[in-house]
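[1] Generate coordinates for the sequence data below:
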Amino acid sequence: MKEKELLGWKNVIHYAVNGSPKPDRVIMKTEAEWREQLTPEQYRITREKGTERAFSNDSCARFDPGIYNCICCNTPLFDASLKFDSGTGWPSFTEPIKDNVIKYDKDISYGMVRVEVMCNVCEAHLGHVFPDGPKPSGLRFCINSESLKLNENG
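    Numbers count the residues shown, from 1 in each chain. Take a look at the predicted model:
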């Protein structure tokens, strides 16, 4: 079995400019179906590219084992063992569980240039990725807690 290659900032920029890896599956729903499934805050963040207030959820301070899945489509996104305390007020991870579960997009909103991260299966807005994380990847996936749900059974 081939070992997973470490994702780095060069890969992130490549994906943001040239397109993300193809997902294993795609889920599409109408806006009405998303509204019916999600809470108003989950909908605002995941479907309207919103951001929750920093430190508004206790998930930053929790380091329970398991897998963090997309709140919209239940796709496994991040392993809890790769979560770290970034001090930013949002859950932060060093890399996704698989290269093709995250979609990367150049984001030039608010007068900044950032890389937005979305679920590659259902295009739910998750947050952003920055090149200031810990080794070995050097990445900080800064994710809205409302876009995730922890599956403690892995």
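[2] Work out for me the element the most centrally placed residue in the chain sits within.
    Closest residue to the average C-alpha location of the chain: residue 126 at 4.2 Å, with C-alpha atoms, centre = their mean. Following DSSP states H and E, one finds residue 126 within strand 125-130.
[3] helices and strands around the helix or strand following that strand, which ones?
    Downstream of strand 125-130, the first helix or strand assigned by DSSP H and E is strand 140-143. Contact analysis of strand 140-143 by 3 or more C-beta pairs under 8 Å, 6 or more residues apart in numbering; DSSP states H and E lists strand 92-93, strand 125-130 as its packing neighbours. C-beta coordinates here come from the backbone N, C-alpha and C atoms, glycine included.
[4] can I get those strands in CSV with mean pLDDT?
    Shown next, in CSV, are the helices and strands packed on strand 140-143 (pLDDT from 0 to 100):
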stretch, mean pLDDT
strand 92-93, 96
strand 125-130, 96
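[5] Ok, which of these comes nearest residue 43?
    With C-beta to C-beta as the criterion, residue 43 lies closest to strand 125-130 of the helices and strands packed on strand 140-143, at 10.6 Å.
[6] which strands and helices sit next to that closest one?
    Judged by 3+ C-beta pairs under 8 Å, 6+ apart, the packing partners of strand 125-130 are helix 40-48, strand 102-107, strand 114-119, strand 140-143.
[7] Who does that strand pair with, and is each partner parallel or antiparallel?
    Using DSSP bridges, strand 125-130 pairs in its sheet with strand 114-119 (antiparallel), strand 140-143 (antiparallel).
[8] any chance of those in CSV, plus mean neighbour count, distance to residue 76 and mean pLDDT?
    Shown next, in CSV, are those (neighbours: other C-beta atoms under 10 Å; distance: least, C-beta to C-beta, whole Å; pLDDT from 0 to 100):
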stretch, mean neighbour count, distance to residue 76, mean pLDDT
strand 114-119, 22, 10, 95
strand 140-143, 24, 14, 96
